[in-house]
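Colleague: dropping the sequence and predicted coords here.
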Amino acid sequence: MSEVLKIKRTEDAKDLPLPQYMSEGAAGMDLYANVKEDVVLKPGDIKLIPTGIKIELPKNYEAQIRPRSGLALNYGITLLNTPGTIDSDYRGEIKLIMINLGKEEFIIKRGQRVAQMVINQITRPKIVEVDNLSETERDVGGFGHTGI
Ligand SMILES: O=c1ccn([C@H]2C[C@H](O)[C@@H](COP(=O)(O)OP(=O)(O)OP(=O)(O)O)O2)c(=O)[nH]1
Ligand SMILES: [Mg+2]
């Protein structure tokens, strides 16, 4: 990657910071909730939370949207589809499918850091249909086949 990720803030998010790496070695940059007012997530609720950003990834890169472990551990707040996949040709606002798996209601505030985004290189192989796959010792064994 040319070490540049193009990010455009939506018109209603110009007051929010750009996503940031919060430590020198952070793998993910934190994303902010672009909600107008407080959003209440009751236990079991699923809500789509906008982040106020649109991005342009280079070809053969993806962004993964992942939960923050502190929110998960302390409040049961996570992303339903983790890791969310952001395609390099997506130009819409990145949104978060948030779910409350905890026992208490959780309030999402404007500008709160509610998820993180990791950028990865991907491989897109040519897809070829075949009649036979190579033989292996494992063959069809799986799901604890080698012992638990
Ligand atoms: O947590 C997510 C997941 C996806 N997206 C956006 C970016 C992504 O490029 C697009 C499509 O996501 P995905 O491929 O996971 O969803 P789909 O159900 O397969 O929709 P589509 O048919 O549009 O690909 O939706 C988000 O903003 N947040
Ligand atoms: Mg898709």
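Modeller: Perfect, thanks for sending it. Ligands and ions are numbered 1, 2, ... in the order given.
Colleague: pLDDT value on the residue lying closest to residue 13 once chain neighbours are set aside, please?
Modeller: Distances taken as Cβ to Cβ, 6 or more residues apart in numbering put residue 52 closest to residue 13, at 2.6 Å, once the chain neighbours are dropped. Just so you know, the C-beta spots here come from the backbone N, C-alpha and C atoms, and that holds for glycine as well. Listed pLDDT for residue 52 reads 98.
Colleague: what's the answer for residue 1, then?
Modeller: In this prediction, residue 1 has a pLDDT value of 53.
Colleague: surely the residue nearest to residue 13 touches residue 7?
Modeller: No: the criterion here is Cβ atoms under 8 Å, and residue 52 misses it with residue 7 at 9.9 Å.
Colleague: mind listing the strands for this structure?
Modeller: Here the chain has its strands, by DSSP state E, at 6-9, 20-21, 29-32, 39-41, 46-50, 53-56, 61-66, 77-79, 84-86, 95-100, 106-108, 113-121.
Colleague: if we can go back for a sec, which one's more surrounded, residue 52 and residue 7?
Modeller: Neighbour tally, residue 52 and residue 7, criterion other Cβ atoms under 10 Å: the higher count belongs to residue 52, 27 against 15.
Colleague: can you name the residues that contact the more buried one?
Modeller: Counting by Cβ atoms under 8 Å, 6 or more residues apart in numbering, residue 52 makes contact with 9-10, 12-13, 16, 32, 34, 93.
Colleague: just those that are near ligand 1?
Modeller: Among the contacts of residue 52, no residue is within reach of ligand 1 (Cβ under 6 Å from any ligand atom).
Colleague: out of those, who's nearest ligand 1?
Modeller: residue 93 (7.0 Å; Cβ to the nearest ligand atom).
Colleague: many thanks, we can stop here.
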